[in-house]
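A.B. asks: make a model of this:
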Amino acid sequence: MQKYIKIIAWFVVILYLSLTPSAEIPKLSILSLPGFDKFVHFTMYFVMSLLLAVYFSQFKKYSNRKIILTNAFLLIVVGGLLEILQYELPINRDCSWGDFFFNTMGAIAGTPFYLYWLKNTFVGKWLS
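C.D. replies: As a prediction, the model looks like this:
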């Protein structure tokens, strides 16, 4: 269970940030900065992609290519579903193509970043 804790915890963070009703989101000045919302979307999925890359790379049967494709597919589906839920649920949130785009970019960027640059570094060891 220990090896899943970081993935589960980060997924809960994504769910919370994505599905919290708009009235309950704190009104912070940083949130009004242009593009900050898109930075948050990119970062949420970038980190999740890193964590999944750490998990899948422990299995020898997964090539780097397969890990990249699996992570991208899983996280693009999750990001799309959460955007649809924001539209469908009565939480006063909007479904946004821009948010989905930055979710997707974070999902696609995180895995190769881990596999080709972080895996054998201090940060890579800490993530695993």
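
A.B. asks: CA atoms for contacts and neighbours, from now on please.
C.D. replies: Will do.

A.B. asks: thought Val77 was touching Asn103, still the case?
C.D. replies: No: contact between Asn103 and Val77 fails when scored by CA atoms under 8 Å: they sit 10.1 Å apart.

A.B. asks: give me the more crowded residue out of the two.
C.D. replies: Asn103 (26 against 14; other CA atoms under 10 Å).

A.B. asks: secondary structure element holding the more buried one?
C.D. replies: helix 97-113 (DSSP states H and E).

A.B. asks: next one: Pro90
C.D. replies: Going by DSSP H and E, Pro90 is not in any helix or strand.

A.B. asks: mean confidence for the longest helix seen in the chain?
C.D. replies: The residue-count maximum for a helix in the chain (DSSP state H) belongs to helix 64-88. The average pLDDT for helix 64-88 rounds to 96.

A.B. asks: identify the residues contacting that helix?
C.D. replies: 15, 18-19, 45, 49, 52-53, 56-57, 92-96, 99-100, 103-104, 107-108, 111-112, 115 (CA atoms under 8 Å, 6 or more residues apart in numbering).

A.B. asks: now with 7 Å, please.
C.D. replies: With contact meaning CA atoms under 7 Å, 6 or more residues apart in numbering, helix 64-88 is reached by 18-19, 49, 52-53, 56, 93-96, 100, 103-104, 107-108, 111-112.

A.B. asks: please identify the buried residues of it?
C.D. replies: 64, 67-68, 70-72, 75-76, 78-80, 82-83, 85-86 (16 or more other CA atoms under 10 Å).

A.B. asks: thanks a lot, see you next time.
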